[in-house]
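1. just a sequence and a predicted model for now, questions to come.
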Amino acid sequence: MVESFLREVPATGSTVKRRVRAIRYGLAEHGFDLDWDEPAQPSTTVRTGDAWATVGEALEQLPRYRYPAGLRGRRDAWILVLIAVLGMSRRQAASVSPEDVELDHGVRVAGRTVPRTVKPGECPACAAIRWLDVVGRAHYGWRMNLKTLLMLPDAPPVDHDCDRRPAELWRDVPALTVAVDTHGWVQTGQPLGRLSISRVMKQSQRLMGSREVEVRRRVVSERFADATLEDLADAYDDVDARLTELLKQAEAVLDDSRDLLGRIAGEDEAS
């Protein structure tokens, strides 16, 4: 009821806080001790209107699978949950640490309950669990482990990810809201900047044509002008494989060179 009132009669953040304090004080005087979270305040970082995806639509359309698209998509969904669902500021979202997360009774971040929805694809709690499941692996640079974990399934999952507990590695990372580059590397220990968070929010709420790994991005090369993140992920995998092959060839050349130098040095000593 309080949240409905605050939505219907919007105000600045300071006014909302005064209203909440007045409501709590008035009810406490009459013997009512309400055990509910502070209502989330609307953020200017969250876009509204027909030109933008709703929070549920954004969570559903962000990529969850493939590497590195799924890793970045899960990080973006985490930021969307912190700001658009829990009402955090960019500064608060950037400063969230493992100590702020509780998983004993549902999902809570900084004392705020992350809600669960009926539809798994739009579920904020599921989005939070999915990011916690990969951020620790990314922190330690377990690329092959992540690629295996993020393999695209044959069909969209119908079960809630928030029904399970994520891998405990997330408890060891110094910061949970971190930068993820186009290759899937994370900046460990350095929280994402506020301007970067704003860009993530804007990109996340852009309406997309399809729901899974179909985020199109502008690239310089004409070859990838209309590529999806899935196409780019495949291209990165091809580049990694080619680089591995070239490194092996370079090592073989170096070994041959060392053998040749050794033979030359032996001949010089003999002469």
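-> All right, it came through fine.
2. quick one: residues contacting Ala138.
-> By Cβ atoms under 8 Å, 6 or more residues apart in numbering, the contact list for Ala138 reads Leu71, Leu146, Val180, Gly184, Trp185, Val186. (C-beta placed from N, C-alpha, C; glycine too.)
3. looking at those, which is nearest Val107?
-> Leu71 (19.6 Å; Cβ to Cβ).
4. how far does the lengthiest helix in the chain sit from its chain's centre?
-> In the chain, taking DSSP state H as the definition, the longest helix is helix 229-270. Put simply, helix 229-270 sits 36 Å off its chain's centre (Cα atoms, centre = their mean, to the nearest Å).
5. gap between Gly70 and Gly49?
-> 28 Å (Cβ to Cβ, to the nearest Å).
6. of the two, which one has the most company?
-> Ranked by neighbour count (other Cβ atoms under 10 Å), Gly70 and Gly49 place Gly70 first, with 27 against 7.
7. return the residues in contact with that one.
-> Counted by Cβ under 8 Å, 6+ apart, Gly70 has contacts Pro63, Arg64, Val134, Leu150, Val213.
8. among those, which are in helices?
-> Counting by DSSP H, the contacts of Gly70 contribute Val134 to helices.
9. and which of the contacts of Gly70 is nearest Pro115?
-> Using Cβ to Cβ, these come closest to Pro115 at Arg64, 18.5 Å.
10. buried ones from the contacts of Gly70, can you make that a PyMOL selection?
-> Selecting the buried subset of the contacts of Gly70 in PyMOL, with 16 or more other Cβ atoms under 10 Å as the burial test, is done by:
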select buried, resi 63+64+134+150+213
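11. contacting residues for Arg47?
-> Met201, Lys202, Gln205.
12. same thing but 7 Å
-> Lys202, Gln205 (Cβ atoms under 7 Å, 6 or more residues apart in numbering).
13. ok, now Asp163?
-> Per Cβ under 7 Å, 6+ apart, neighbours of Asp163: none.
14. phi and psi next, for it.
-> Torsion angles at Asp163 (phi, psi; degrees, to the nearest 10) stand at phi -80, psi -10.
15. swap in the one 3 residues further on?
-> Per-residue torsions, Pro166: phi -80, psi 170 (degrees, to the nearest 10).
16. burial of it, as a residue count?
-> 21.
17. circling back: in CSV: the contacts of Gly70, plus pLDDT.
-> What follows is those, written out as CSV (pLDDT from 0 to 100):
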residue, pLDDT
Pro63, 91
Arg64, 91
Val134, 95
Leu150, 90
Val213, 40
